[in-house]
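*Asks:* Kindly generate the corresponding structure for this input.
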Amino acid sequence: MSTEAGKQAAAREAALRVEAGMRVGLGSGTTASELLRALAVRWREEGLRFVGVATSERTSSLARELGLELTDLEAQPELDVAIDGADEVDPARNLVKGGGGALLREKIVALAARRRIIVVDDSKLVSRLGEHFRLPVEVVPFGWRVTAERIRALGLVPQLRQAGQAPFVTDSGHWILDCVIQPATDVVEVSRAVKGVVGVVEHGLFPGSWVDELIVGSPDGSVRARTR
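*Replies:* Below is the predicted model:
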């Protein structure tokens with residue numbers, strides 16, 4: 001069995017948290033894509049009806065392809081639940097997100113939700129943030145090198161994310177600096193300082209206090225769920 005089995009099992013479990021009439025924040029990334037597919041099955045086979053708010057253009061496109069109904073935060077500023085994946089989860093449930101570049105919209109949608117569910121396979125569980133992934137920091141393109149040097153001065157090691165030969169551009173028109181987190185770095189503290197750097201739009205550290213339920217899928221297809 002592979003990590004795909006874990007993702008699919010966790011996504012199916014998370015899809016069961018959606019009830020008829022709910023307003024649902026739909027995350028981005030590979031596990032979130034599995035969630036959309038699981039919700040589409042319930043939509044077709046059970047007649048489940050809800051409205052979703054997508055956190056990225058990619059999620060929006062897949063949701064429409066699957067026949068799910070979408071709205072936006074202008075029409076529905078308060079959501080019942082937001083369900084999303086993560087790139088890393090530490091023992092305190094702090095998250096690194098943004099591997100797909102949707103961290104800004106993911107945070108906005110998460111803050112609009114009364115309940116937040118994170119769905120991962122167990123390969124995403126780490127002893128400290130930064131073990132396998134860098135911390136994404138979304139920045140405005142103007143003066144990005146100056147912004148990067150200020151982030152470097154805080155103890156992170158930033159590198160501009162590329163899409164082929166050009167900088168990667170987020171759905172909101174910004175660039176991303178992927179920052180190496182040194183083992184001794186208190187990433188929660190540093191992320192607060194990063195947010196204060198002029199030119200930074202948002203970072204990919206999501207605090208554990210935001211996570212109401214963590215659903216973890218294993219390669220054998222089993223699932224465990226932990227609530228606060």
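*Asks:* Mind splitting the chain into its structural domains?
*Replies:* According to automatic domain parsing, the chain comprises the domains 3-125+207-219, 135-204.
*Asks:* all helices in this structure, in order from the N-terminus.
*Replies:* For the chain, applying DSSP state H gives helices covering 3-15, 30-46, 57-65, 103-112, 144-152, 187-195.
*Asks:* Select, out of those, the one closest to Gln162.
*Replies:* helix 144-152 (12.8 Å; Cβ to Cβ). For every residue, glycine as well, the C-beta is placed using N, CA and C.
*Asks:* Out of the helices of the chain, flag the one nearest Gly204.
*Replies:* Taking the helices of the chain one by one with Cβ to Cβ, helix 103-112 is closest: 4.4 Å.
*Asks:* Now do the closest one: distance to the chain's middle.
*Replies:* On the basis of Cα atoms, centre = their mean, to the nearest Å, helix 103-112 sits 8 Å off its chain's mean C-alpha point.
*Asks:* Can you give me the buried ones in stretch 70-85?
*Replies:* Neighbour-count burial for stretch 70-85 flags 73, 76, 79-85 (criterion: 16 or more other Cβ atoms under 10 Å).
*Asks:* Between all of those, which two are at the greatest distance?
*Replies:* The largest separation in these, counting by Cβ to Cβ, is between Gln76 and Gly85 at 21.7 Å.
*Asks:* tell me the angle of the lowest-mean-pLDDT helix or strand in the chain relative to helix 144-152?
*Replies:* Across the helices and strands of the chain, mean pLDDT, DSSP states H and E gives its lowest value to helix 187-195, namely a mean of 92. Orientation of helix 187-195 against helix 144-152 (axes from the mean of the first three to the mean of the last three Cα atoms, to 10 degrees) gives an angle of 150 degrees.
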